[in-house]
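**Student:** Pasting a predicted model and its sequence here:
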Amino acid sequence: MPKAFVTGHPIKHSRSPLIHGHWLKEYGLDGSYERIDVAPVDFGEFLRGFAARGFAGGNVTIPHKEAAFLGVDRRTARAERVKAVNTLWIEDGVLWGDNTDVAGFMAHLDASLGTGWEQNVDTALVIGAGGAARAVVAGLQDRALKRIFVTNRTLAKAEDLVRDLRPGSAVGLETSAWEALGRVIPHARLIVNTTSLGMAGQPPLALDLARAPRDAAVADIVYVPLETPLLAAAKAEGLKTVDGLGMLLHQAVPGFERWFGVRPEVTPELRALILADIEGRK
Ligand code: NAP
């Protein structure tokens, strides 16, 4: 019976067990997926010991993504670019690490805007420069865009991100000062919030979307609430919107396939299940 886990510290609020539990039931698989709280001081030992405890692999979340990146034997090209690992598995005795936030964000963007959306987008604006921003920029870099502006409250972090992700990029990567957002928005046909602004309990991300191109799309990777103030403002402007829940669901697909051998589908039923949990209806 394949066993998998999600580890973080704390971990009790993770929705990953609900997602993987749904798929295990859906596909009639005899496997398990459990939460394991591991303090940072114990993470190295956990990483080296999970296979001996019978686990095929698992997910890694805050605060262990960088430690997992440093601790694995081999990394996928995407994990290498993002410098963080959120998915682990063993292959021929080798401990592998991937970053599935990249594929998760892109899969949901494609599903929401339709494949080929990039034909209409030459400039994208990514707001934020944390771990999630790195995954979003790494995903967008694989597409035929002309340039991506990255802006962040702390500009030095945006500069670090651009410096790390620029080598080999066919897409131009540029930083923009937070105060200059108003000058970038009129050129951006894709705007992505990767900051925690707009999350329940946080102030909203206030952008002047009246200045955005009329055919722009606005994506938010925050998913609690599902409709963030930014997405509500974008809708009010008649712009296309992409919510953050799809990224969470799609990032789980590659891990499940590795551990349990079936490529699962992100269905409306799964989405409704997680949404009910987010909204406290479950
Ligand atoms: P992180 O590494 O801690 O980065 C946080 C980002 O938010 C930084 O750019 C930070 O700017 C910015 N920020 C925080 N408070 C701010 C404020 N008051 N004003 C302006 N900027 C502010 O976190 P992360 O892992 O990238 O996650 C960011 C968000 O994405 C979280 O809400 C997380 O839940 C969400 N997320 C969603 C998914 C999904 O599957 N949908 C996946 C990953 C993350 P500074 O650098 O200036 O501090």
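**Tutor:** Perfect, thanks for sending it. In this text, all values refer to a predicted model and were calculated from it rather than measured experimentally. Numbering: from 1, shown residues only.
**Student:** Which single residue in the chain comes nearest to the ligand?
**Tutor:** Checking the chain residue by residue against the ligand with CB to the nearest ligand atom singles out residue 130 as nearest, at 2.0 Å. No exception for glycine: its C-beta is placed from N, CA and C like everyone else's.
**Student:** List phi and psi for residue 78.
**Tutor:** phi -70, psi -40 (degrees, to the nearest 10).
**Student:** residues near the residue of the chain closest to the ligand, how many?
**Tutor:** A total of 15 residues lie near residue 130 under the criterion other CB atoms under 10 Å.
**Student:** Contact partners for it?
**Tutor:** Neighbouring residues of residue 130 by CB atoms under 8 Å, 6 or more residues apart in numbering: 157, 194, 195.
**Student:** Equivalent analysis for residue 46, please.
**Tutor:** Taking CB under 8 Å, 6+ apart as the definition, contacts of residue 46 comprise 7, 36, 38.
**Student:** Which one (most neighbours) among those residues?
**Tutor:** In terms of neighbours by other CB under 10 Å, these top out with residue 7 at 24 neighbours.
**Student:** before we move on, the earlier item: take the contacts of residue 46 and write them to TSV, including secondary structure and pLDDT.
**Tutor:** Output for the contacts of residue 46, formatted as TSV (DSSP: H, G, I helix; E, B strand; the rest coil; pLDDT from 0 to 100):
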residue	secondary structure	pLDDT
7	strand	98
36	strand	98
38	coil	98
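**Student:** Please convert those residues to CSV, extending it with distance to residue 150.
**Tutor:** Below are these laid out as CSV (distance: CB to CB, whole Å):
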residue, distance to residue 150
7, 29
36, 34
38, 32
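**Student:** restrict those to those near the ligand?
**Tutor:** When contact is defined as CB under 6 Å from any ligand atom, the contacts of residue 46 do not meet the ligand at all.
**Student:** Going by distance to residue 201, which of those wins?
**Tutor:** When the contacts of residue 46 are compared for distance to residue 201 (CB to CB), residue 7 comes out closest, at 24.5 Å.
**Student:** Is the closest one bridged to anything, and to what?
**Tutor:** residue 36, residue 60 (DSSP bridges).
**Student:** separation between it and residue 86?
**Tutor:** Taking CB to CB, to the nearest Å as the measure, residue 7 and residue 86 are separated by 10 Å.
**Student:** where do the contact lists of these two overlap?
**Tutor:** The overlap between the contact sets of residue 7 and residue 86 (CB under 8 Å, 6+ apart) consists of 59, 60, 61.
**Student:** any chance of the contacts of residue 130 in a markdown table, with secondary structure, distance to residue 100 and pLDDT too?
**Tutor:** Listed next are those as a markdown table, based on DSSP: H, G, I helix; E, B strand; the rest coil; distance: CB to CB, whole Å; pLDDT from 0 to 100:
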| residue | secondary structure | distance to residue 100 | pLDDT |
| --- | --- | --- | --- |
| 157 | helix | 23 | 97 |
| 194 | coil | 16 | 98 |
| 195 | coil | 21 | 97 |
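**Student:** could you dump the residues you listed to a markdown table with distance to residue 79 and neighbour count?
**Tutor:** As requested, the contacts of residue 130 are exported to a markdown table (distance: CB to CB, whole Å; neighbours: other CB atoms under 10 Å):
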| residue | distance to residue 79 | neighbour count |
| --- | --- | --- |
| 157 | 20 | 16 |
| 194 | 18 | 25 |
| 195 | 22 | 23 |
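**Student:** nearest residue to the most centrally placed residue in the chain other than its sequence neighbours?
**Tutor:** Here the mean C-alpha position of the chain is nearest to the C-alpha of residue 101 (CA atoms, centre = their mean), at a distance of 3.4 Å. Beyond its immediate neighbours in the sequence, the residue positioned closest to residue 101 (CB to CB, 6 or more residues apart in numbering) is residue 135, lying 3.7 Å away.
**Student:** Can you tell me which residues in the stretch 101-250 of the chain are near the ligand?
**Tutor:** Going by CB under 6 Å from any ligand atom, the residues of the stretch 101-250 of the chain near the ligand are 101, 104, 128-133, 152-154, 157, 194-197, 199, 221-223, 244, 247-248.
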